[in-house]
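> Build me a model from this:
(one chain, ligands or ions: 1)
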Amino acid sequence: MHEMSIMQNILDIVAETTAREQGTRVTRIDLAIGERAGVMIDALTFAFEAMSPRTIAAEAELIISEIPLRYQCPTCARPGTEQLSQCPACASFYEMVQGRELQITAIEIE
Ligand SMILES: [Zn+2]
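Have a look, this model is predicted:
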């Protein structure tokens with residue numbers, strides 16, 4: 001389950017940020033995950049519950065929001081859909097411009 005190593009990275013970043021801000025505990029972690037990030041949110045939540053108790057984020061609330069897929073024509077910037085592979089205006093192939101993200105969007109530190 002690669003969500004364990006992803007969560008380890010997230011907790012490392014949280015610990016570094018908390019140390020830099022001279023905080024003593026973390027109260028909330030916000031993540032934004034693309035629909036196509038290749039991460040199962042349930043597994044990531046499970047990894048957080050399993051791993052966070054031994055860290056500075058032991059009391060933190062984990063909030064995960066999903067970033068929807070978004071396609072766009074690389075030539076004329078017309079928005080596309082997953083069903084449509086080619087732009088009807090200029091026949092370019094749509095590109096996925098959003099949906100593969102895996103980001104920490106906020107960390108609340110006290
Ligand atoms: Zn186009």
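> going forward, measure contacts and count neighbours with C-alpha atoms only.
Fine.
> So what touches stretch 51-59?
Identification of contacts with stretch 51-59 by Cα atoms under 8 Å, 6 or more residues apart in numbering yields 7-8, 11, 14-15, 24-27.
> Flag every residue of the chain that's near the ion.
When proximity is defined by Cα under 5 Å from the ion, the chain lies next to the ion at 73, 76, 87, 90.
> Give me the distance between the third one and V97.
C87 sits at a distance of 14 Å from V97 (criterion: Cα to Cα, to the nearest Å).
> So between these two, which is more surrounded?
Remark: of C87 and V97, C87 carries more neighbours, 20 against 14, as counted by other Cα atoms under 10 Å.
> Tell me the pLDDT of the more buried one.
In this model, C87 is scored at 95, pLDDT.
> Surely M96 is within a strand?
Yes. Assessed with DSSP: H, G, I helix; E, B strand; the rest coil, M96 lies in a strand.
> Tell me where the model's unsure across this protein.
Where the chain drops to pLDDT under 70, the residues are 1.
> What segments of this protein are strands?
26-34, 61-67, 70-72, 79-80, 95-98, 102-109 (DSSP state E).
> Pull up the pairing partners for the third one, direction included.
In this case it means strand 70-72. Applying DSSP bridges, strand 70-72 is found paired with strand 79-80 (antiparallel), strand 95-98 (antiparallel).
> list the contacts for the residue nearest to A106 when sequence neighbours are not counted?
Counting by Cα to Cα, 6 or more residues apart in numbering, A106 lies nearest to D30, which is 5.0 Å off, once chain neighbours are set aside. Residues counted as contacts of D30 (Cα under 8 Å, 6+ apart) are 62-65, 104-107.
> Alright, calling it a day.
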